[in-house]
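Student: Prediction below, plus the sequence it came from.
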Protein chains: 2
Amino acid sequence: MATIRDVARSAGVSIATVSRVFNGSSRVSEQTANRVWSAASNLDYWPNSAARSLTTHTSNAFGVLLPDLYGEFFSEVIRGIDHTARRHDYQILISSSHANADEIVGAAKFMRGRIDGLIIMASDTGSAEGIQQIAERFPVVLLNPCRQVDGCSSISLANFAGARTVVEHLLDLGHREIAIVKGPPGNVDAEERLRGYREAMQGAGLSPSLALEWPGDFTELSGLRAADMLLQSSSRPTAVFTANDCMAVGFLSALHRAGLEVPGALAVVGFDDTTIARYLSPPLTTVHVDTYELGSRAVQLLLSSLEASEYKGCARELLPATLMVRSSCGSPRQREQPILQHGGIGS
Amino acid sequence: MATIRDVARSAGVSIATVSRVFNGSSRVSEQTANRVWSAASNLDYWPNSAARSLTTHTSNAFGVLLPDLYGEFFSEVIRGIDHTARRHDYQILISSSHANADEIVGAAKFMRGRIDGLIIMASDTGSAEGIQQIAERFPVVLLNPCRQVDGCSSISLANFAGARTVVEHLLDLGHREIAIVKGPPGNVDAEERLRGYREAMQGAGLSPSLALEWPGDFTELSGLRAADMLLQSSSRPTAVFTANDCMAVGFLSALHRAGLEVPGALAVVGFDDTTIARYLSPPLTTVHVDTYELGSRAVQLLLSSLEASEYKGCARELLPATLMVRSSCGSPRQREQPILQHGGIGS
DNA sequence: TTGTAAGCGTTATCAA
DNA sequence: TTGATAACGCTTACAA
């Protein structure tokens, strides 16, 4: 493979001149530039980026560390990152499946020298110290972190506000007994959504009842289980907020099988606005978060913190969530309307 | 930031020794090794990967070039690539949104020196020469290419066989008038699926009829349009093969709105086995392709072509497609059963 | 406008 | 077992 030296020799110039031509920097006479270009194309010269970033201390690449790549959530985040990065001539170095702080730091170390900034999404709570260590080396943006870290920017999803909006919507429709199918304990999103639910309930003067907070773990199966519980219990809420769409899918299908009508007998809301949400029957009212934007903003923050050479801006952003009203909650209901007792349920 | 020099000085050894310790290579006395380790951790030394790959001519990273990152297809491919790469301590450098050969070559040039191999998925037909140029520099695996390229391995999806299976399934069920909603002209997947459809029809002694090949472009909207056409025409097929699931969604919803029963009045099959396929009503019979495996195999091919130092193995693999029978085709039908004429259709 | 030469932070080849 | 020192392929003062 031809190096800058070969090109220089072939064009009868010094390697400095070749470098100048390729970087379009200092003035080079058109004549010699042409000689260099043609020599380069004859030799099919491709500059070595590793060598380049060794001297320049920049790489035109950003690192991305994720817990997993599964599902449309991560897919959209990456798309947002990649598109925005590419628009600024950056490539992205990805590594996923990092369960704990050690693995994250390990991957970051490995990226040392080949990235100009790092986007981290850590599901782990205990990674704060490790991440702080990383942030000393290059700009870091945290995606939806469990807790803030000094020296890192962050972008979070409006889980809390979104969940509150969901419950307020149900309250507006006249519901008073509103249950929630929770996400897995320890999960940031789950906790925040639960907090939003509780706050909205309290705000409406409804004292929180543990009997209305059902366990779940964001899987379709757990939604199904929640529905089974509901069908077997004697007293039923009039509305259920499943803390993500995935559980809503399981929940709705169990209800459907049991012959319980949605939204007639029960209003259901989800969270995430997954692609399937609008294809469910009935189309699911849920909360939309612009995941693409999450990734896109992260890159923008990195870019701006690179420009602002000295001062490491430590931005904290919140990505808004919007309620997507579809059919699964129905129209306003009469107050004190008796709960329909369907026959043949739970068999 | 501390360099290998700082560590050497602090530990009172030469930089060569530090390098040896960090690479666990040659024998170093336990004593000095310990001194090096503690000096390194005191200085919080992170080796510079760019410098390392400059001398070693390897990077432990693979490049990935894609036309786009949208949708679960790409998401799964990347997941397969990333998981498999990570299992072998490789990271992946991604760049997407490459429309033509020039952009692909440009991105590949930029990766020169920082990757050990490249996975390319090009939607463009005219990129053969460019890709050949790339393949001279590092091992290349092509994903579902329009045409094979000398010196490149490739993994293709069994579009042809899958489509043939679809039609044979419909034939088995007793269908004779089978229409297809085609994908966009020029698209590899679309062409191959059409070819499979035609071959199966001919194999059953049914002469291909252009009246049964309807235009489409893989979008939901085009599926909807196809349904409109169907509803307005006087003679109707008994089964329709929509060349991807996305069009099937639009197709089914239009049929549903018009009151045409599936599979009662019309059998419908899709392709891709998208997540929503099983949530449609009726659940869609479709063709499943293991997209994760597509990415995973690509990495495995790269790894093995790196091992086989000299000989650049030029593997050509085909990823099997399997028919997922669900409810949208119904059960075997009586031969010559009269087509039901529903009322109130197409209004 | 061009060339010389000193880095950039590693690994690798010798000797010692 | 260790240490000098020459690469690796590029950028960038500084000098010409």
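Tutor: That came through fine.

Student: only C-alpha atoms for contact and neighbour calcs from this point on.
Tutor: Will do.

Student: where in chain A is pLDDT low?
Tutor: Along chain A, segments meeting pLDDT under 70 span A:309-313, A:334-347.

Student: I'd like the distance from whichever strand or helix holds residue A:128 to the chain centre, please.
Tutor: Counting by DSSP states H and E, the element that carries residue A:128 is helix A:128-135. Offset of helix A:128-135 from its chain centre (CA atoms, centre = their mean, to the nearest Å): 20 Å.

Student: who's in contact with that helix?
Tutor: Under the criterion CA atoms under 8 Å, 6 or more residues apart in numbering or on different chains, residues A:101, A:102, A:104, A:105, A:108, A:140, A:147, A:148, A:149, A:150, A:151, A:152 lie in contact with helix A:128-135.

Student: Identify the residue spatially nearest to the first one, adjacent ones excluded.
Tutor: Meaning residue A:101. Nearest residue to residue A:101, sequence neighbours excluded (CA to CA, 6 or more residues apart in numbering or on different chains): residue A:127, at 4.4 Å.

Student: So the one you found sits against residue A:98, correct?
Tutor: No: using CA atoms under 8 Å, residue A:127 is not in contact with residue A:98; the gap is 11.0 Å.

Student: Give me the nearest residue to residue A:321, chain neighbours excluded.
Tutor: Using CA to CA, 6+ apart, the closest residue to residue A:321 is residue A:289 (4.8 Å).

Student: for residue A:136, same thing?
Tutor: Nearest residue to residue A:136 in three dimensions, chain neighbours excluded: residue A:151, at 7.9 Å (CA to CA, 6+ apart).

Student: do residue A:126 as well
Tutor: Leaving aside its chain neighbours, residue A:126 sits nearest to residue A:101 (6.6 Å; criterion: CA to CA, 6+ apart).

Student: OK, contacts around the one you found?
Tutor: Shown in contact with residue A:101 (CA under 8 Å, 6+ apart): A:124, A:126, A:127, A:128, A:130, A:131.

Student: just to revisit the earlier point, so the residue nearest to residue A:136 belongs to a strand, correct?
Tutor: No: read with DSSP: H, G, I helix; E, B strand; the rest coil, residue A:151 is coil and lies in no strand.

Student: Do a quick rundown of the strands in the stretch 151-300 of chain A.
Tutor: Here the stretch 151-300 of chain A has its strands, by DSSP state E, counting those that start in this stretch, at A:153-157, A:178-181, A:213-214, A:239-242, A:267-269, A:286-289.

Student: mind listing what residue A:76 touches?
Tutor: Counting by CA under 8 Å, 6+ apart, residue A:76 has contacts A:291, A:292, A:295, B:70.

Student: Tell me where the stretch 51-200 of chain A has helices.
Tutor: Taking DSSP state H, counting those that start in this stretch as the criterion, the stretch 51-200 of chain A carries its helices at A:71-87, A:101-111, A:128-135, A:159-172, A:188-203.

Student: and of those, who's closest to residue B:42?
Tutor: Nearest of the helices of the stretch 51-200 of chain A to residue B:42, taken as CA to CA: helix A:128-135 at 12.9 Å.

Student: Tell me the residues of the stretch 201-347 of chain A that contact chain B?
Tutor: Within the stretch 201-347 of chain A, the positions adjacent to chain B are A:275, A:276, A:279, A:280 by CA under 8 Å from any CA of the partner chain.

Student: most surrounded residue in those residues?
Tutor: Using other CA atoms under 10 Å in any protein chain shown as the neighbour criterion, residue A:280 leads these with 19 neighbours.

Student: what's the closest non-adjacent residue to that one?
Tutor: Counting by CA to CA, 6+ apart, residue A:280 lies nearest to residue B:279, which is 6.9 Å off, once chain neighbours are set aside.

Student: Count the neighbours of the residue lying closest to residue A:271 once chain neighbours are set aside for me.
Tutor: Nearest residue to residue A:271, sequence neighbours excluded (CA to CA, 6+ apart): residue A:244, at 4.2 Å. For residue A:244, the neighbour count with other CA under 10 Å is 28.

Student: what does residue A:322 give?
Tutor: Applying other CA under 10 Å, we find 20 other residues in the vicinity of residue A:322.

Student: Tell me the secondary structure at it.
Tutor: Here residue A:322 is recorded as strand under three-state DSSP.

Student: what's the answer for residue A:327, then?
Tutor: coil.

Student: Please give me every residue in contact with the residue in the stretch 201-347 of chain A that chain B sits nearest to.
Tutor: In the stretch 201-347 of chain A, the residue that lies nearest chain B is residue A:276 (5.8 Å; CA to the nearest CA). Listed by CA under 8 Å, 6+ apart, the contact partners of residue A:276 are B:275, B:276, B:279.

Student: about what we covered before: would you reformat the residues of the stretch 201-347 of chain A next to chain B as a markdown table and include distance to DNA strand D?
Tutor: What follows is these, written out as a markdown table (distance: CA to the nearest atom of the strand, whole Å):
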| residue | distance to DNA strand D |
| --- | --- |
| A:275 | 45 |
| A:276 | 48 |
| A:279 | 52 |
| A:280 | 54 |
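
Student: Setting aside sequence neighbours, what's the nearest residue to residue A:19?
Tutor: Spatial nearest neighbour of residue A:19, chain neighbours left out: residue A:4 (7.5 Å); criterion: CA to CA, 6+ apart.

Student: Isn't the one you found up against residue A:20?
Tutor: No: at 11.1 Å, residue A:4 does not count as touching residue A:20 under the criterion of CA under 8 Å.

Student: Could you tell me how many residues sit around the residue in the stretch 1-150 of chain A positioned nearest to chain B?
Tutor: Using CA to the nearest CA, the closest approach of the stretch 1-150 of chain A to chain B is made by residue A:93 at 4.3 Å. If you count neighbours by other CA under 10 Å, residue A:93 ends up with 24.
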